[in-house]
Structures are given as structure tokens and as C-alpha cells.
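Visitor: got a predicted model here, sequence first, then my questions.
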Amino acid sequence: MPKADITSVDPAFAVRWYDEWIEAWNKRRPEMIPALVTEDFLLDSPTTRHTGWHVQGQAAAAGYLRYVVTAYPDLRWEVTAPPMFRSDLARVAFSWRGTGHFSGVLDPPGVPGTGHPFDFSGLEVFDFRDGRACYLNASYDLLGLMKQTGLYQGATKAARS
């Protein structure tokens with residue numbers, strides 16, 4: 001895991017930085033990502049853990065943004081709470097909400113969209129080094145998202161009959 005600075009993050013910097021992160025996602029601008037993350041940036045999320053996808057580096061992080069917005073073309077992120085800070089480490093947590101429809105394609109593996117809407121929330125915890133994010137640990141309900149988008153039906157009454 002990339003090492004963060006051993007100092008607190010300036011709150012004004014963190015808010016500006018996250019505004020740019022959200023802008024890159026909401027405006028579908030993967031070219032903004034390299035300016036925001038270190039060369040060894042590591043992205044860890046329920047999706048990457050479930051799929052075994054190793055997202056490390058600026059190009060991989062930009063590719064992850066492209067992957068997500070290809071599957072969810074109208075995805076919209078919003079910040080839902082003030083950031084939370086560590087005082088002894090360059091670590092900041094941001095709460096968010098994501099809404100949209102699964103109307104694109106998850107590629108890989110090539111799963112066509114269902115058109116179903118989704119509304120989910122989560123937390124992104126970033127570590128920073130030299131003014132850029134070096135690590136992201138994201139938390140959200142992947143199973144709940146899959147249910148909303150129609151990709152996971154689960155055990156239903158009909159299936160149990």
C-alpha cells in the first residue's frame with residue numbers, strides 16, 4: 001500500500017481536491033485523474049475486491065473511471081457530509097451518494113445494461129502524499145447496487161418454491 005504523509009491535511013485543500021475528483025467523475029473526464037493521484041495510487045473498493053481487479057497507477061485509475069461511466073452513463077455523484085480528518089496522518093474521508101441508471105455495458109465482462117435506476121451511498125477514504133491521493137479505500141453496498149440494477153436477483157419466494 002502506498003505510504004501517506006505523516007501530517008494532517010489542510011481542510012480547504014481537501015475540499016478543493018475532492019471537488020475536482022467529483023468533477024472528473026461527473027463530467028466524464030478521466031484525463032483529470034493523473035493530476036489528482038500519485039503514480040503509485042492504489043484504488044481499493046468493493047468492486048475491485050469482488051472482481052480481483054488491481055487498479056494501481058494513474059492510467060489504471062483513469063481506466064476505472066471510464067469503466068464505471070461506460071456502464072452507468074448518467075451516473076451522478078454528490079457529497080453528502082463534511083469530510084472527516086485524521087490529525088496524525090494525511091487521511092480524509094468523504095461521504096457521497098451516487099444515482100443513475102445501468103444503461104451502458106459492464107465491459108468486461110460484457111454485461112448489457114438493464115435500464116434499472118440505482119441510488120446508493122458510500123464512503124471514500126483517501127490517503128495523500130505530496131498534494132495528491134496515493135490510496136483510496138472505498139466502502140459501499142455492492143450487493144445492494146447489484147440488486148437495484150437487476151444484476152442480482154437473489155433468493156426469491158418463487159425460487160424457493
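Guide: Great, that's in hand.

Visitor: rest of the way, CA atoms for contacts and neighbours
Guide: Noted.

Visitor: can you check which strand is longest in this protein?
Guide: For the chain, the strand that runs over the most residues, judged by DSSP state E, is strand 117-129.

Visitor: show me the shaky parts of this protein.
Guide: 155-161 (pLDDT under 70).

Visitor: go ahead and flag the most central residue of it.
Guide: Taking CA atoms, centre = their mean as the criterion, A138 is the residue nearest the geometric centre of the chain, at 6.1 Å.

Visitor: now do that residue against I33, distance only.
Guide: 16 Å (CA to CA, to the nearest Å).

Visitor: and what of L143?
Guide: L143 is 27 Å from I33, by CA to CA.

Visitor: show me what the helix or strand where Y18 lies is packed against.
Guide: Here Y18 sits within helix 11-26, counting by DSSP states H and E. Packing partners of helix 11-26 (3 or more CA pairs under 8 Å, 6 or more residues apart in numbering; DSSP states H and E): helix 33-36, strand 76-79.

Visitor: buried stuff in the last one?
Guide: Residues of strand 76-79 classed as buried by neighbour count (16 or more other CA atoms under 10 Å): 76-77, 79.

Visitor: counting contacts, what elements does it pack onto?
Guide: Judged by 3+ CA pairs under 8 Å, 6+ apart, strand 76-79 is in contact with helix 11-26, strand 91-101.

Visitor: and G131, which of these is closest to it?
Guide: For G131, the closest of the helices and strands packed on strand 76-79 is helix 11-26, at 8.5 Å, according to CA to CA.

Visitor: in a markdown table: the helices and strands packed on strand 76-79, plus distance to Q56.
Guide: Output for the helices and strands packed on strand 76-79, formatted as a markdown table (distance: least, CA to CA, whole Å):
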| stretch | distance to Q56 |
| --- | --- |
| helix 11-26 | 16 |
| strand 91-101 | 18 |
